[in-house]
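*Asks:* give the three-dimensional model of this entry:
(one chain, ligands or ions: 1)
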Amino acid sequence: MATTLTSSLSSKPKTKTSFLDHSSFHGVPISSPSRLLQPIKSGTQNLSISMSASYDLNSFKFEPIKESIVSREMTRRYMMDMITYADTDVVIVGAGSAGLSCAYELSKNPSVQVAIIEQSVSPGGGAWLGGQLFSSMVVRKPAHLFLNELEIEYDEQDDYVVIKHAALFTSTIMSKLLARPNVKLFNAVAVEDLIVKGGRVGGVVTNWALVSMNHDTQSCMDPNVMEAKVVVSSCGHDGPFGATGVKRLKSIGMIDSVPGMKALDMNAAEDAIVRLTREIVPGMIVTGMEVAEIDGSPRMGPTFGAMMISGQKAAHLALQSLGLPNALDGTYTGNIHPELILAAADTTETADA
Ligand code: 48N
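*Replies:* Sure, this is the predicted structure:
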């Protein structure tokens, strides 16, 4: 039987097939996607594109607009967002897979206001592709339960699933969390520094990312600020701003060292990242690959389940810090996976445990 390509939310493949049953490595060609197994019978199927909207493409005309209205609409909204989020509940620094998973989990509680600060114009970090710029994204079970919740289709194998394109995960989770009224993404904005008062991180110092990257070309392009009850740092380990959250904690003496991630070991790495996701200084939680940077745990390469579950765990640590129901102390009544509660319960702080 061809490998079930997609696993819908409720049904599970009747018989689990392992990749090796269809692998070309055993002389059997990898089964082509089942949807291509039934050749499209030309001429017998209605292949016309149905137009949902009621307009005529042959005589399309836009309503008139004054250019200044476009400017006022964008300016008014952005300024209102800056005013609204100048003092917020949670600031998430970095919109990679961990930061997005954290934001998605937090967005479920409408009373929590979340600002995501992303230095790139395009959020998503390393989650637009799998490994070596290949498309597919491998997610080890049981993190596929998170994909079920996001209603993302995947090719199911015994111990892992494969999303046909990493961008399907990133675009889906982003579309869902950005639609929520309590979340605001500030992309093309960099966190240049932290607000620290009385030994507690109380927010972030921001600037347009292009300004942050050009401080040496001008003097005194001073930043802006955003206060927060909790800061979640998900700055990853590479790129122009990699691991900037933990590196700043070290340079201001709030932590002693940033040893950097160790060599690759998928099985050790992903469990360690989830286990070690935690509040590392009062007011600041670290999630995703930044955890490997501060703990010296191994890297996992092109598997992404730990980023998702670490992000979810960071969200519940933030809820706990805000005194709200969360999955870590059993006060949460939403749909969280038991594995997360178990992983969170074990916060052994040694990377090699
Ligand atoms: O995707 P990343 O880099 O980070 P994570 O932790 O969300 O996911 C990491 C993951 O993609 C891997 O690296 C995989 C699993 N491979 C591991 C391995 O072994 O190699 O996202 C971090 C985001 C990026 O979009 C950055 O642009 C952004 O954070 N960022 C910042 N944005 C604003 N201000 C900053 N100071 C800043 N620093 C990073």
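
*Asks:* distance of the residue nearest to His316 when sequence neighbours are not counted from the ligand?
*Replies:* In space, and not counting its chain neighbours, His316 is closest to Asn326: 4.1 Å by C-beta to C-beta, 6 or more residues apart in numbering. C-beta coordinates here come from the backbone N, C-alpha and C atoms, glycine included. Between Asn326 and the ligand the computed distance is 21 Å (C-beta to the nearest ligand atom, to the nearest Å).

*Asks:* so Asn326 touches Gln312, yeah?
*Replies:* No - the pair Asn326 / Gln312 is not scored as a contact, 10.6 Å apart, by C-beta atoms under 8 Å.

*Asks:* which of these two has more neighbours?
*Replies:* Gln312 (28 against 24; other C-beta atoms under 10 Å).

*Asks:* so that one is in which element?
*Replies:* helix 305-321 (DSSP states H and E).

*Asks:* do that helix and the ligand meet at all?
*Replies:* Yes - contact of helix 305-321 with the ligand (C-beta under 6 Å from any ligand atom) involves Met307.

*Asks:* up against the ligand, what does this protein have?
*Replies:* Counting by C-beta under 6 Å from any ligand atom, the residues of the chain near the ligand are 93-99, 117-120, 125-127, 190-191, 234-237, 239, 241, 244, 288-290, 299-301, 304, 307.

*Asks:* in strands, which of those fall?
*Replies:* Judged by DSSP state E, the residues of the chain next to the ligand include 93, 117-118, 190-191, 299 as members of strands.

*Asks:* and Val201, how far is that from Leu249?
*Replies:* Val201 is 8 Å from Leu249, where distance means C-beta to C-beta, to the nearest Å.

*Asks:* please name the residues that touch Lys262.
*Replies:* Counting by C-beta atoms under 8 Å, 6 or more residues apart in numbering, Lys262 touches 292, 296-299, 351.

*Asks:* repeat the analysis, applying 10 Å as the threshold.
*Replies:* 268-269, 272, 292, 295-299, 351-352 (C-beta atoms under 10 Å, 6 or more residues apart in numbering).

*Asks:* do Val183 as well
*Replies:* 85, 90, 92, 103-104, 106-107, 112-116, 176-177.

*Asks:* of the residues you listed - the most surrounded one?
*Replies:* Most surrounded of these: other C-beta under 10 Å gives Ile92, at 33 neighbours.

*Asks:* so which residues of the stretch 201-350 of the chain form strands?
*Replies:* 224-233, 262-264, 278-281, 284-286, 298-299 (DSSP state E, counting those that start in this stretch).

*Asks:* please identify the most buried of those.
*Replies:* strand 284-286 (a mean of 29; mean count of other C-beta atoms under 10 Å).
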